[in-house]
Each structure stands twice: as structure tokens, then as C-alpha cells.
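**Student:** have a look; sequence and predicted model below, questions after that.
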Amino acid sequence: MFDGLLFAGTGLIWVATMVDVWRADASQVRGIPRAGWLFVALVMPVSAAVAWCLLGRPRVSTSPPRPEIGRGWPQGPEDDPNWIIDTSPSRPADTRSNSEQSASRNSQR
């Protein structure tokens, strides 16, 4: 019983290693080329799995790549010179003098 579980566990580790090596980007594989890792995994399944995880697997960056300064950085609306123009309501300009506008407001009340 224990032998069967050990064999099945080794087989699962071997398959997972082979799939991971195959799917890894060849330009980012560390140590030896990807074909070399596949050969090592065929010859020594368990030790190759450990070596692949520690030495060969591409490093995964947890943070997104930073854009160059000045391009792609989030900007506030006040940094955009057209922000005021774009957000103002589109209505015709009032060409009346201040006194005419005041008289008009007073008559509306």
C-alpha cells in the first residue's frame, strides 16, 4: 500500500515538474536550458523537481513593471491644461454688462 502511494506521489511530482518546465518561458529559465531541465527531470524525477524549484524556475516578480517617469504615471486632473475647459458646461457666454446681469437677476426674484 505504502509503495503504491510513494509511486503515485513521485509520478505526480514528475508530471508537475515536466509541465512546469515545458510551460516556462525559455528565455527566463535559469541554470541550464529548458531541454536540459527536461532531460534531468526524466533521469532523476524527485531531485530534479527540487532543483528546478530552487535553481531553474524563472523568478516571478510580484510587482508590476514601473513605467518611465513622465510617461504612464497617473496624473491628477489639475495637471491637464484642458481639464477646466472639458468640465465646464457648454453654454453660450453671457455678453451683458455686470449691471445688466444684476438687473436681470433682481427682476427674476
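**Tutor:** Okay, I see it.

**Student:** buried ones in the lengthiest helix in the chain?
**Tutor:** The residue-count maximum for a helix in the chain (DSSP state H) belongs to helix 2-23. The neighbour-count check on helix 2-23 (16 or more other Cβ atoms under 10 Å) flags 13-14, 17-18, 20-21 as buried. Every residue, glycine included, has its C-beta placed from N, CA and C.

**Student:** what helices or strands is it leaning on?
**Tutor:** Here helix 2-23 touches helix 34-43, helix 45-51, going by 3 or more Cβ pairs under 8 Å, 6 or more residues apart in numbering; DSSP states H and E.

**Student:** which residues touch the last one?
**Tutor:** Going back to what we said before, that points to helix 45-51. 10, 13-14, 16-17, 37, 40-41 (Cβ atoms under 8 Å, 6 or more residues apart in numbering).

**Student:** rewinding a little: dump the buried residues of helix 2-23 into a markdown table; add pLDDT and distance to G76 as well.
**Tutor:** Shown next, in a markdown table, are those (pLDDT from 0 to 100; distance: Cβ to Cβ, whole Å):
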| residue | pLDDT | distance to G76 |
| --- | --- | --- |
| I13 | 88 | 51 |
| W14 | 88 | 54 |
| T17 | 88 | 49 |
| M18 | 89 | 50 |
| D20 | 87 | 43 |
| V21 | 88 | 46 |
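
**Student:** farthest pair within these?
**Tutor:** For the buried residues of helix 2-23, with distances taken as Cβ to Cβ, the pair at the greatest spread is I13 and V21 (12.4 Å).

**Student:** contact partners for M18?
**Tutor:** Taking Cβ under 8 Å, 6+ apart as the test, what M18 contacts is 38, 41.
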